[in-house]
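Colleague: Here's a sequence, model it:
(one chain, ligands or ions: 2)
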Amino acid sequence: MTSNFSSIPILDYSLTTDPERREEFIAQLRHVLINVGFLYLSNSPVPRDDIDAIVDYAPRLFEIPQEAKDKIRMANSEHFYGYSKLGAEFTKGKLDQREQFDFGTECDSVWKPGDPDYMRLWGPAQWPEEELLPGFKAAMLRYLAGVEKLSYELINLLAEALELPSDALKAFFETEMPVQHWAKVVKYPPLGDLASDQGVGPHFDAGFLTFLLQASPHAGLQVQNLSGEWIDAPPIPGTFVVNIGKALETVTQGLARATSHRVLSPPKRSTPRYSIPFFQNISLRVSVKDITLQLNDEILKLREQRAEAGAPDSVNYAEYGQLPTGQVNLIGRVRSHPDVAQRHYPELFKQCFPRGFPVEGKAY
Ligand SMILES: O=C(O)CCC(=O)C(=O)O
Ligand SMILES: [Fe+2]
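Modeller: Ligands and ions are numbered 1, 2, ... in the order given. Modelled structure (predicted):
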């Protein structure tokens, strides 16, 4: 029997602390990892107050004066942190219709002379001035620390679901420096004057796991199933949407599926949609091809029982098989934010865009 999906399963995280029902959670996780690649997680241990605080801040972050946003624009940052105005980001060569702030977990600059350029990706984020949004930075860092902790717990459970020792994926995180994870606060304005309804175009996420907090009640997020149909993933209060990135798909030999997804703009005359994704990174220096997980034959067989996926609408991050993670991530950032790349990574910019600054339809 082959498997496809027409809705996104909901997994109850509280089962993991119930000795009677933990196995049930692991079995559900195994099914979802292999056949869907997306899940809703309810009853997570991330403190409710920390989530509520950040949901409350999200719209207010976009209400700070435009000069204050421009002061921390992403073009200032070789780490690709900061503010991107509407229509500054490309996915699949088309402009996204979203306004966003990119942040990271706390981290000093890690690049040293002689290091590869991609080590410049990690460093301090740019934050809005404290008096414009008092308490925001502390609240965001507290929230990110909670999600980071959950992300490591879920990775251990995921290893168990694939019948590996629970620390089997530790080698991707445990290096000479702590891993910096990425996050965004995103605003999707409603259709009206927008150039298209592409809130964000079809794409895969890059790293291991993404934890998405849908911070307003709007629909718009869609997930592509194995036969290529777009399935709605509307907000469910009290849950995270969790999905698998290309790095995790590659290291699990395709067992854990990275699933293509996109966001459509809210309809005309609607209010804006807000979301806060957290992207779990792995060490920049690790090449995923250099670490082979000892997956057993029984588990690998489950991959064959999955329906053959049609060609997805996204093609990015195919380079994980060959290059160090940092280089793959850097290429992804350059393609999404060519203006930042032109300023800070001119050589790589030229390689990615040999015909100059991209216009719609030219990039990937
Ligand atoms: O805003 C959302 O709901 C999803 C965003 C997303 O997929 C991304 O930024 O990678
Ligand atoms: Fe995404």
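Colleague: beta partners for the residue in the stretch 151-300 of the chain that ligand 1 sits nearest to?
Modeller: Relative to ligand 1, the nearest point of the stretch 151-300 of the chain is residue 275 (3.4 Å; CB to the nearest ligand atom). For glycine as for every other residue, the C-beta is placed from the backbone atoms N, C-alpha and C. Under DSSP bridges, the beta-bridge partners of residue 275 are residue 186, residue 214.
Colleague: Please list all residues in contact with it.
Modeller: When contacts are counted by CB atoms under 8 Å, 6 or more residues apart in numbering, residue 275 touches 184, 186, 188, 212-216, 221, 263.
Colleague: And the lowest mean pLDDT element among the helices and strands of this structure?
Modeller: When each helix and strand of the chain is scored by mean pLDDT, DSSP states H and E, strand 90-91 comes last, with a mean of 84.
Colleague: Which elements pack onto that one?
Modeller: Packing partners of strand 90-91 (3 or more CB pairs under 8 Å, 6 or more residues apart in numbering; DSSP states H and E): strand 198-203, helix 325-336.
Colleague: is it possible to export these to CSV including mean neighbour count and mean pLDDT?
Modeller: Converted to CSV, those look like this (neighbours: other CB atoms under 10 Å; pLDDT from 0 to 100):
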stretch, mean neighbour count, mean pLDDT
strand 198-203, 22, 94
helix 325-336, 23, 94
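Colleague: Dump the ones you listed to a markdown table, plus distance to ligand 1.
Modeller: Listed next are the helices and strands packed on strand 90-91 as a markdown table, based on distance: least, CB to the nearest ligand atom, whole Å:
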| stretch | distance to ligand 1 |
| --- | --- |
| strand 198-203 | 5 |
| helix 325-336 | 10 |
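Colleague: Residue 115 is nearest to which of these?
Modeller: In terms of CB to CB, the element of the helices and strands packed on strand 90-91 nearest to residue 115 is helix 325-336, at 9.5 Å.
Colleague: for that closest one, the distance to its chain's centre please.
Modeller: Taking CA atoms, centre = their mean, to the nearest Å, one finds helix 325-336 lying 13 Å from the centre of the chain it belongs to.
Colleague: Report the inter-axis angle for that helix versus strand 198-203.
Modeller: 140 degrees (axes from the mean of the first three to the mean of the last three CA atoms, to 10 degrees).
Colleague: who does helix 325-336 touch, helix- and strand-wise?
Modeller: Using 3+ CB pairs under 8 Å, 6+ apart: helix 325-336 touches strand 90-91, helix 338-344, helix 346-352.
Colleague: Now tell me which of the ones you listed the model trusts least on average.
Modeller: The minimum mean pLDDT among the helices and strands packed on helix 325-336 belongs to strand 90-91 (a mean of 84).
Colleague: Sheet partners, orientation included, of that strand?
Modeller: With DSSP bridges as the test, strand 90-91 pairs up with strand 94-95 (antiparallel).
Colleague: Pull out the buried positions in stretch 313-326.
Modeller: The neighbour-count check on stretch 313-326 (16 or more other CB atoms under 10 Å) flags 314, 316-317, 319-320, 323-326 as buried.
Colleague: Tabulate the residues you listed (CSV), appending distance to residue 338.
Modeller: As requested, the buried residues of stretch 313-326 are arranged in CSV below (distance: CB to CB, whole Å):
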residue, distance to residue 338
314, 18
316, 14
317, 17
319, 18
320, 22
323, 20
324, 22
325, 21
326, 19
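Colleague: what does the chain have sitting close to ligand 1?
Modeller: Residues of the chain lying near ligand 1 by CB under 6 Å from any ligand atom: 184, 186, 200, 205, 212, 221, 261, 263, 275, 277.
Colleague: Name only those of those that count as buried.
Modeller: Neighbour-count burial (16+ other CB under 10 Å) applied to the residues of the chain next to ligand 1 gives 184, 186, 200, 205, 212, 221, 261, 263, 275, 277.
Colleague: Need the pLDDT of the fifth one.
Modeller: To tie it back to what came earlier, the one meant is residue 212. 98.
Colleague: Repeat that for the first one.
Modeller: According to the per-residue confidence, residue 184 scores 98 in pLDDT.
Colleague: Then it would be within a strand, right?
Modeller: Yes: assessed by DSSP: H, G, I helix; E, B strand; the rest coil, residue 184 belongs to a strand.
Colleague: Wait, it touches residue 100, no?
Modeller: Yes: with contacts counted by CB atoms under 8 Å, residue 184 reaches residue 100, the gap being 5.0 Å.
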